[in-house]
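Trainee: need coordinates for the below:
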Amino acid sequence: MTAIIILGIIIACIVTIAVIYNGLVTLKNRFKNAFAQIDVQLKRRYDLIPNLVEVVKKYMQHERETLEAVIAARNSAVTASNQAAGDPGDPGAMKNLASAEGMLTGALGKLFALSESYPDLKANQNMAQLQEELSSTENRIAFARQAFNDAVMAYNISREKFPNNLMAGMFNFNEAQLLESTEAPEERKAPKVTF
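Mentor: Numbering: from 1, shown residues only. Predicted structure coming up:
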């Protein structure tokens, strides 16, 4: 009788470990898939930027420094994105990606601000279309980032619960890093509207 009880306890422990392990694997794969969705949108954004630079080059010949800053920021963001895609939960990779995306957003903002002083560029249909596509892509990135952060949160909560935290430690399920907003603090403030 004692052997049956011991065997029952061992089987219950094995089933519990398997359920917890499989649950953590499922949640980890969900946040990796969610990052893959961000990655698709980031690649779309990165592919649009060279077209934008080509259109702008024709009109803004005296703004070479700004154009080079956009290109450099894009290249830095591509590199950071590729590193983050290798391990979407890595805190260092997520911070590098957020930083690189922030630099790219700032460089694009400066480019768009400068383009306002070029009436022919503002009227260019290709420029308007590229701006619209980039704006649409930014919205898609925001939604994908939200889905990623939700998946990371579910994974982190699950791995921190008892007894999951014991299994997470034994099987090396490390904490995943959220992808923070790439906006600068001053961009988060509500705009001041006066009439």
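
Trainee: contacts and neighbour counts: CA atoms only from here.
Mentor: Will do.

Trainee: and the helices in this structure?
Mentor: For the chain, the helices defined by DSSP state H occupy 2-59, 64-86, 91-115, 119-123, 125-160, 164-170, 185-188.

Trainee: who touches the fourth one?
Mentor: Contact partners of helix 119-123, identified using Cα atoms under 8 Å, 6 or more residues apart in numbering, comprise 56, 59, 115, 116, 127, 128.

Trainee: show me the two of those that sit farthest apart.
Mentor: 59 and 128 (13.9 Å; Cα to Cα).

Trainee: any idea how far residue 93 lies from residue 85?
Mentor: Distance from residue 93 to residue 85, counting by Cα to Cα, to the nearest Å: 9 Å.

Trainee: tell me the phi and psi of residue 161?
Mentor: Dihedral angles of residue 161 (phi, psi; degrees, to the nearest 10) stand at phi -70, psi 150.

Trainee: okay, now it: neighbour count?
Mentor: 11 (other Cα atoms under 10 Å).

Trainee: report pLDDT for it.
Mentor: pLDDT, residue 161: 92.

Trainee: picking up where we left off before, which of the contacts of helix 119-123 ranks first by neighbour count?
Mentor: Neighbour max across those (other Cα under 10 Å) = residue 56, 22 neighbours.

Trainee: show me the contacts for residue 173.
Mentor: Residue 173 neighbours (Cα under 8 Å, 6+ apart): 24, 159.

Trainee: and it, backbone torsions?
Mentor: phi -90, psi 90.

Trainee: picking that back up, tabulate the helices of the chain (a markdown table), appending distance to residue 176.
Mentor: Output for the helices of the chain, formatted as a markdown table (distance: least, Cα to Cα, whole Å):
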| stretch | distance to residue 176 |
| --- | --- |
| helix 2-59 | 9 |
| helix 64-86 | 12 |
| helix 91-115 | 7 |
| helix 119-123 | 42 |
| helix 125-160 | 6 |
| helix 164-170 | 12 |
| helix 185-188 | 24 |
